[in-house]
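>>> The amino acid sequence is not available; the structure is as follows:
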């Protein structure tokens with residue numbers, strides 16, 4: 001047997017050391033991808049389960065946002081918030097109140113009364129009374145209804161203090177009327193005469209009541225006393241607030257959110273949309289009444 005033939009036989013012999021080493025290399029080469037593939041598959045499956053469990057736990061741990069419910073859910077009919085006696089005192093010659101338009105009577109409403117006491121050549125006494133109601137619902141993005149009402153209350157007071165053409169503006173807190181209330185008075189001089197404007201803004205829970213009371217002596221009649229008008233305006237505002245609480249099935253006492261002390265008048269502001277509108281409406285009504293008389 002030649003030496004070359006001998007070498008080939010040794011290489012093919014599975015029992016030879018070289019053949020055994022070659023077999024081990026082939027087994028490892030085949031086994032490594034299988035193991036790697038198996039690990040990769042297991043790892044991906046576990047990772048997906050971990051992510052799913054983590055997301056589920058995160059969702060359960062994040063509660064839905066909540067906000068405390070508003071105390072008052074309804075408003076009274078605006079033209080019924082004042083008694084006949086009060087209307088006789090403040091607007092004795094007024095006919096039925098004129099209700100303002102509203103796209104949602106459960107959240108806003110208003111009513112106004114015009115009174116002209118015509119004394120012929122001795123002049124006339126004009127009175128204009130308006131009550132506005134605005135209710136705020138709680139909202140998860142804007143906040144609780146009573147806090148929204150507080151913001152609007154402050155703005156209404158500021159608007160009254162900054163009314164266009166107002167002279168001698170005075171503000172004072174009002175006690176015993178809702179959770180907080182402020183009275184604002186000023187003079188408005190028009191061609192028909194001097195108008196004495198009284199505005200009382202009150203908040204009870206999540207409802208804001210704004211009462212405007214305007215008086216003037218026309219055709220040479222004397223100007224009404226501002227103190228008397230303010231006394232009547234305060235009385236009417238308190239009655240309107242009581243109507244709101246009654247409409248919601250509670251008594252007229254201030255809620256637990258009231259501080260128990262007189263509210264501080266809000267500071268002046270450059271905005272005057274509400275009071276400007278009220279003064280313009282009163283002046284227009286007075287002009288019309290004066291021309292008709």
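Structure received. Quick caveat: nothing in here was measured; it's all calculated off a predicted structure. Numbering: from 1, shown residues only.

>>> what's the burial count for residue 92?
With neighbours defined by other Cβ atoms under 10 Å, the count for residue 92 comes to 12. Using the backbone N, CA and C atoms, a C-beta is placed for each residue, glycine as well.

>>> who's in contact with it?
115, 117, 127 (Cβ atoms under 8 Å, 6 or more residues apart in numbering).

>>> Just the pLDDT for residue 286.
Residue 286 is assigned 58 on the pLDDT scale.

>>> Likewise for residue 40?
For residue 40, pLDDT reads 45.

>>> Please tell me how far residue 99 sits from residue 114.
To residue 114, residue 99 is 13 Å away according to Cβ to Cβ, to the nearest Å.

>>> more crowded one of the two?
residue 114 (22 against 15).

>>> And the more buried one, which helix or strand is it part of?
Take DSSP states H and E as the rule and residue 114 turns out to sit in strand 108-118.

>>> Quickly run through the sheet partners of that strand, with directions.
Here strand 108-118 has these sheet partners by DSSP bridges: strand 98-99 (antiparallel), strand 124-135 (antiparallel).

>>> what does the first one contact?
When contacts are taken as Cβ under 8 Å, 6+ apart, the neighbours of strand 98-99 outside the stretch itself are 77, 78, 79, 109, 110, 111, 112, 113, 114.

>>> out of those, which is most surrounded?
So for the contacts of strand 98-99 (other Cβ under 10 Å), the most neighbours sit at residue 78, 24 neighbours.

>>> How about the contacts made by that residue?
Counting by Cβ under 8 Å, 6+ apart, residue 78 has contacts 97, 99, 100, 109, 110, 111, 131, 132, 133.

>>> So the fifth one sits against residue 132, correct?
Yes. The pair residue 110 / residue 132 is scored as a contact, 4.3 Å apart, by Cβ atoms under 8 Å.

>>> hey, what's in contact with both of those two?
Overlap of the contact sets of residue 110 and residue 132 (by Cβ under 8 Å, 6+ apart) consists of 78, 100.

>>> and which of the contacts of strand 98-99 is nearest residue 241?
residue 78 (13.1 Å; Cβ to Cβ).

>>> quick one: that closest one and residue 178, what's the gap?
Residue 78 sits at a distance of 16 Å from residue 178 (criterion: Cβ to Cβ).

>>> what do you get for residue 229?
20 Å.

>>> for residue 150, same thing?
Relative to residue 178, and taking Cβ to Cβ, residue 150 is found at 11 Å.
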